[in-house]
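Show me the folded form of this:
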Amino acid sequence: MLKMNFFLFLKGLAMGAVNKIPGVSGGTVAFVTGIYEDLLNSIKKINFNAFKILFTKGFNAFYEEINGKFLTIVFSGVIASFFSVSLILDSLIEKYELYVFGLFFGMIVGSFYVIYFQLERITSKSLIGIIIGVVSGLLISFAENYNVGTSDLIIFFSGVIAISGMILPGLSGSYLLLLMGNYTLIMVDSVNALYFTLIESVSFDFTFINDPERLYLLKVLMLFTLGSIFGLIFLSNVLSSLLKNFKTITVSIIVGFIAGSLIGVWPWKNEDMTGNVSLFFPDFSIAQTWITIFNILIGILFVVLLERLANKH
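Next comes the predicted model:
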């Protein structure tokens, strides 16, 4: 049981870490590692009935009703990643971006081996779903940046949109924030503001209450968090119902969406001063390309072996 909880925590770490990276989806990690439907169904149980149980039967009954142990372990990993794994990952991307994205690309390609068995068999219905998913993923991948502003309402809905990457495999919440022009404000500035506030509070230094910029960033993070919670519960209910009633077409669209969004983690790309990204084919005459290809193969093998190990046990 302890070993199972530990691996569940690691899956949460991985979800939180990759969800912070534009182009990569935490939902894809949940899907590939086999906790996707459990995650949706557990979050779906956080509803009016659950809170009724909380006030009538107490916290223990409420905790059991919403599969609290599962959610606590997974989201402990997600939260921990923002202050640990994601910081390491940010550093690795800064120094070895090509190699890291090569590994991610390989892991997503390898995930199709796992997802193939979710489809059971290809039918005309599942084929249509795959095409819809691919087209949707490509449209988002090639979308132009559009600054929508930073009003309180926009920040709240940014939370709803960003958390979609945790629920929808193949959809990067961080990438959507980049398109909206709010990525730095929310994922960097406000998170750093919380980190420094916690450090100062532990040292009994509360001078930040006189800092308007710090207070604004903390408000941004609070609104974003509220939006994320709302989006998490709303989207999980919608997707859980879709998987229950229309599993084949829903999984097919997810498969297509992941395929269409692969362009977002293509390792060989350039970014200009305005933030526009252009893709190119690698130069096979340099060692850097072959190291990246090796990382892609490692990513594919890792996911395939992980899936086989999970099936074995």
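
neighbours around Leu103, how many?
Using other CB atoms under 10 Å, Leu103 is surrounded by 22 other residues. No exception for glycine: its C-beta is placed from N, CA and C like everyone else's.

Surely it is in contact with Gly299?
Yes: counting by CB atoms under 8 Å, Gly299 is a contact partner of Leu103 at 4.6 Å.

now the helices for the stretch 1-150 of the chain?
Assigned helices in the stretch 1-150 of the chain, in chain order: 2-19, 26-32, 36-44, 48-57, 59-65, 68-82, 85-119, 124-141 (criterion: DSSP state H, counting those that start in this stretch).

among the ones you listed, which is the most enclosed?
helix 26-32 (a mean of 27; mean count of other CB atoms under 10 Å).

Can you give the distance from that helix to the centre of its chain?
Chain-centre distance of helix 26-32: 7 Å, with CA atoms, centre = their mean, to the nearest Å.

can you tell me the average pLDDT over that helix?
Averaging pLDDT along helix 26-32 yields 76.

Restricting the selection to alpha carbons, write that helix to CSV.
Presented in CSV, the C-alpha positions along helix 26-32 are these (Å, rounded to 0.1, in the frame of the first residue of the first chain):
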residue,chain,number,x,y,z
GLY,A,26,-0.6,17.2,-17.1
GLY,A,27,-3.7,15.5,-18.3
THR,A,28,-1.6,13.4,-20.8
VAL,A,29,0.5,12.2,-17.8
ALA,A,30,-2.7,11.2,-16.0
PHE,A,31,-4.0,9.4,-19.1
VAL,A,32,-0.8,7.5,-19.8
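
residues in contact with stretch 81-101?
12-18, 20-21, 23, 191, 195, 265-268, 288, 291-292, 295 (CB atoms under 8 Å, 6 or more residues apart in numbering).

For the stretch 101-250 of the chain, give me the ranges with low pLDDT.
113-121, 141-149, 165, 169-172, 175, 178-179, 181 (pLDDT under 70).

out of the helices of the stretch 1-150 of the chain, nearest to Phe280?
helix 85-119 (11.8 Å; CB to CB).

circling back to that earlier point, need the residues touching each of Leu103 and Gly299.
Joint contacts of Leu103 and Gly299 (CB under 8 Å, 6+ apart) do not exist.
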